[in-house]
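A.B. asks: build me a model from this:
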Amino acid sequence: MIELRHLRTLVALKETGSLAGAAKKRFVTQSALSHQIKELETRINSSIFIRKSKPLSFTQEGARLLNLAEEILPKVIETEYDLKQGLNDELNQLAVGIECHSCFRWLMPVMEQFRTAYPNVNLDLSSRHLFDSLNALEIGELDVVLTSDPVPGQSIAYQHLFDFEVQLVVAKDHPLAKLEYVTPKQLEKLAIISYPVPLQRLDLYRHFLEPAGVEAGEQISCDLTMMLLQRIACKDGVSALPTWSISESYGLNLTAIKLGPEGLKRPLFGAYRKDSASARVAQQWLKLVAKEGLAQQHKLN
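C.D. replies: Numbering: from 1, shown residues only. Predicted structure coming up:
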C-alpha cells in the first residue's frame with residue numbers, strides 16, 4: 001500500500017534534487033530515507049528514480065507517483081486544516097436559523113437544556129435568513145435550520161421532529177367564530193394578518209387557499225405576536241397560526257377554528273449539513289427540540 005509518507009518523500013526528492021536534501025527536508029537520516037524508498041520500490045516492483053542521475057531524474061513510474069503526490073497532498077493538507085477549524089468552531093458556536101416566528105418562545109427551555117449539556121457552545125438563534133435560510137445553511141452561514149419546507153439536496157440532511165396543526169384564529173364575535181371548521185371559499189378575499197412573510201410562503205395560502213383556487217384578501221403584516229393577536233381581536237382580519245401560538249392569547253377574546261374538516265397539519269424538520277463538523281452537535285440540539293415540541297403538542301391535546 002502506498003502511504004502518505006511515501007508521497008511526501010517523492011515531493012521532497014523533486015524539490016531538493018538529491019537523497020541527502022530530501023532526507024534533511026523530511027527530518028530523517030539518509031539511510032532511513034533510502035530504506036523507505038526501497039520499501040516503496042518493492043511494493044510497486046519498479047524503481048522510482050534513475051540512480052546516480054544529476055539532477056535526480058524520475059522513472060516513468062516515479063513520475064506517475066509524483067503526479068499523484070502533487071494532486072493528493074494539497075487536498076490532505078486542506079482537509080486537515082478544515083477539520084481542525086471545524087472542530088474548533090463546533091466548540092464555539094452553533095448558528096440556528098428559524099423560519100417560524102412563533103417558535104422562539106417554546107424554544108427557550110430547549111436553549112437552557114442545550115447550554116447545560118454544551119456549556120462551551122454559543123447557541124445563536126436567528127431569523128435574519130428567514131427567506132433564504134436553507135441556502136445560508138448550504139453555504140455555511142448557518143449550522144441548523146428549523147423548517148417546514150425541505151428542499152431535496154445531497155449536502156443537507158433533514159430530521160423530522162414532529163407534526164403540528166395550523167388553525168384559523170378569529171375574534172370571538174367574528175361571523176366565522178362558531179364554526180367547527182372553515183372551507184377555503186369562506187375565507188375568500190378576507191384580510192389576512194401575518195408575520196412579515198410573503199403571502200406565497202404562508203401556510204394558509206400555500207396549503208389551503210391556493211390549492212382550492214381561492215383568492216386571498218389584503219395582507220396585513222405584524223412583527224410581534226402580541227400586536228398580531230390584538231389586530232385579530234379588533235377584527236382587522238384573520239390569521240392562521242400554529243396551535244402553540246394560539247394558546248398565548250394574552251386574555252384577548254379570540255377563538256381557533258380548524259382549517260377544513262381534517263385540519264391543516266404541517267411537519268417541522270431540522271436541517272443540517274451532512275459533512276459539517278458541527279453535525280453531531282446539531283443532531284443533539286434537534287433531539288432536544290423534538291422532545292420539547294412533542295411535549296408542547298401533548299399539552300395542547
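
A.B. asks: and the longest strand for the protein?
C.D. replies: strand 156-171 (DSSP state E).

A.B. asks: that one: partners in the sheet, and parallel or antiparallel?
C.D. replies: Its sheet considered, strand 156-171 pairs with strand 239-242 (antiparallel), strand 254-259 (antiparallel), strand 264-273 (antiparallel) by DSSP bridges.

A.B. asks: nearest to residue 58, out of the ones you listed?
C.D. replies: strand 264-273 (40.6 Å; C-beta to C-beta). Bear in mind the C-beta positions are built from the backbone N, C-alpha and C, glycine included.

A.B. asks: which residues touch that closest one?
C.D. replies: 100, 134, 137-138, 140, 143-148, 150, 155-167, 203, 207-208, 240, 242, 258, 278-279, 282-283, 285-286, 289-290, 293 (C-beta atoms under 8 Å, 6 or more residues apart in numbering).

A.B. asks: so what's the residue count around residue 31?
C.D. replies: Using other C-beta atoms under 10 Å, residue 31 is surrounded by 10 other residues.

A.B. asks: now it: how far from residue 111?
C.D. replies: 60 Å (C-beta to C-beta, to the nearest Å).

A.B. asks: residue nearest the centroid of the protein?
C.D. replies: Centroid check for the chain by C-alpha atoms, centre = their mean gives residue 272 as the closest residue, at 2.9 Å.

A.B. asks: just grab the bridge partners of that one for me.
C.D. replies: Bridge pairing for residue 272 - DSSP bridges - gives residue 144, residue 157.

A.B. asks: gap between it and residue 145?
C.D. replies: Using C-beta to C-beta, residue 272 is found at 8 Å from residue 145.

A.B. asks: which neighbours do those two share?
C.D. replies: Joint contacts of residue 272 and residue 145 (C-beta under 8 Å, 6+ apart) are residue 137.

A.B. asks: list the buried ones in the longest strand of the chain?
C.D. replies: Residues of strand 156-171 classed as buried: 156-159, 161-162, 164-171 (neighbour count, 16 or more other C-beta atoms under 10 Å).
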